[in-house]
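Chemist: Compute the structure for the input listed below.
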Amino acid sequence: MKKVGLVVEDKHTEAIKEIGKKLGIKPIIRRQRGRINVRKASAFANELLRSCEKVIILGDADCNEEGERERLQRIYEHLPEGLRERVHICIIVHELESWLLADENAISRVLGKNVKPVQNPESIHDAKEYLEGLFEEGGEKNLTNLLAGEIAKHVNVEKLREKCASFADFERMVRNGNVRRRDA
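Modeler: Alright, predicted model coming up:
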């Protein structure tokens, strides 16, 4: 299992670990609170590249995919030139929770009750709030890191790839570093 470093801004690191396992990697995660800080992310990437073959900066778009991509591109300015080709930036549309919403069967299994499918999880601007609402309806007080990890453990990668273009980008980065260009 190859090691891939991930710099994330989300509290649901267990979900990221489980998704990584499904893709055949052992993710080494550095988490930032709130939005990804360009300088800190650069330092984390530099550190992770000592033991990982590549690093993926995984940011939430929060309704501004192009703006966030543009902002995070500045990470490269803080990296030594020889390391830049091993660092990739992936923007999740809109939040990591949209990936978890891609498979209603995984959510249903964790909640113990049927959940309606979401046809396009990336169209939900506040996926975190939407998913937390499902958990409240199911009698859970909140969506914990462990519950998010449990959903990810059961998520069908095929469904995830079909419903979330940002996940397909992430998967390509994990496998070979190449990402398709998304035109407006």
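Chemist: How about residue 86, nearest residue that isn't a chain neighbour?
Modeler: Excluding the flanking residues, the one nearest residue 86 by C-beta to C-beta, 6 or more residues apart in numbering is residue 54, at 4.8 Å. In short, each C-beta sits where N, CA and C put it, glycine included.
Chemist: cool, and residue 109?
Modeler: Once flanking residues are discounted, residue 109 sits nearest to residue 154: 5.2 Å by C-beta to C-beta, 6+ apart.
Chemist: Now for the one you found, how many residues are close by?
Modeler: 14 (other C-beta atoms under 10 Å).
Chemist: Just list the residues touching it, thanks.
Modeler: Applying C-beta atoms under 8 Å, 6 or more residues apart in numbering to residue 154 gives the contacts 103, 105-106, 109-110.
Chemist: Give me the subset of those residues that lies in strands.
Modeler: Within the contacts of residue 154, no residue falls in strands by DSSP state E.
Chemist: Any of the residues you listed buried? List them.
Modeler: 103, 106, 109-110 (16 or more other C-beta atoms under 10 Å).
Chemist: quick one, what contacts the residue nearest to residue 86?
Modeler: By C-beta under 8 Å, 6+ apart, the contact list for residue 54 reads 4-5, 86-88, 173, 177.
Chemist: do you know how far the residue nearest to residue 109 is from residue 35?
Modeler: According to C-beta to C-beta, to the nearest Å, residue 154 and residue 35 sit 29 Å apart.
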